[in-house]
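Novice: One predicted model, sequence on top.
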Amino acid sequence: MLTIHADSTGHALAVRGEWIADAGPLEEVAAAHPQARVREWPGILTSGLVNLHGTELLEEAYHPDPREADELGTEPLTGDALVALALDDVRWGASARRGVQRMLAHGTVAAACEPLRNRAVQDAVRRTGLGIVGRLGRPAGVPSLDPRACGLPLEFPPARERGSAARFAVFGVGDEAEPAERGSGTCVATVLAGRLVYRRR
């Protein structure tokens, strides 16, 4: 089934499966696809964000389960605290899934990574649909689930158009400059592979 996602400026993306079938003003897209379901969002549609510290956050940090909060806290564990956990593959995979879910809440649709070496992390990330962007070396800044908090300029994937992967995010702001000013915590919804994978409550 084709779904049209539209923002408060009247821009729309028509999604069929994992791909963008059409893009443009809502009136035109809706007229071209009269049987489509229309979902209107407050804010603006963007191509989402790239988290530049994918390796550090997914393969070099443990994201505690909420049930572990009393013992481990809620922030990612790294360094000696990570080593002390002696994680097996099951916990690495679960950590990666939670890490991705927390990234999605900030409108992240892709992560920049060196080749992932942990098979459990590879498999978990692949199943989420999160895009992986290659990188050379370590970026500056401080790894953070919120790309704005890392101290580097926000990086957006190319604009979504017909034939693009259905991977995008909606921010509850007035224009694309505002996520950089107000933080990616203004994310309203995130879509990966055509699926709504995060929606702010």
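Specialist: Done, it's in. Not measured: the values here are computed from a predicted model.

Novice: all contacts plus neighbour counts: C-alpha atoms, from now on.
Specialist: Fine.

Novice: and the next element down the chain from the lowest-mean-pLDDT helix or strand in the chain?
Specialist: Lowest mean confidence among the helices and strands of the chain (mean pLDDT, DSSP states H and E): helix 178-182, at a mean of 56. Following the chain from helix 178-182 toward its C-terminal end, the next helix or strand by DSSP states H and E is strand 187-192.

Novice: Now do that following strand: distance to the chain's middle.
Specialist: For strand 187-192, the separation from the chain centroid amounts to 7 Å (computed by Cα atoms, centre = their mean, to the nearest Å).

Novice: so what does it touch, helix or strand wise?
Specialist: Packing contacts for strand 187-192, counted by 3 or more Cα pairs under 8 Å, 6 or more residues apart in numbering; DSSP states H and E, involve strand 108-113, strand 168-171, strand 195-199.

Novice: Can I get it in PDB? Just the C-alpha atoms.
Specialist: Extracted C-alpha coordinates of strand 187-192, given in PDB (Å, rounded to 0.1, in the frame of the first residue of the first chain):
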ATOM      1  CA  CYS A 187      12.300  14.800  16.100                       C
ATOM      2  CA  VAL A 188       8.600  13.900  15.700                       C
ATOM      3  CA  ALA A 189       9.000  10.700  13.600                       C
ATOM      4  CA  THR A 190      11.600   8.600  11.900                       C
ATOM      5  CA  VAL A 191      11.100   6.300   8.900                       C
ATOM      6  CA  LEU A 192      13.500   3.500   7.800                       C
END
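
Novice: between it and strand 195-199, how big is the angle?
Specialist: Put simply, strand 187-192 runs at 150 degrees to strand 195-199, going by axes from the mean of the first three to the mean of the last three Cα atoms, to 10 degrees.

Novice: Show me the contact partners of strand 187-192.
Specialist: When contacts are taken as Cα atoms under 8 Å, 6 or more residues apart in numbering, the neighbours of strand 187-192 outside the stretch itself are 18, 41-43, 48, 104-109, 128-130, 166-172, 196-200.

Novice: what lines up beside it in the sheet?
Specialist: Strand 187-192 has the following sheet partners, assigned by DSSP bridges: strand 168-171 (antiparallel), strand 195-199 (antiparallel).

Novice: Could you check the pLDDT of the closest residue to A110 other than its chain neighbours?
Specialist: Closest residue in space to A110, ignoring its immediate chain neighbours: G131 at 4.0 Å, by Cα to Cα, 6 or more residues apart in numbering. On pLDDT, G131 comes in at 95.
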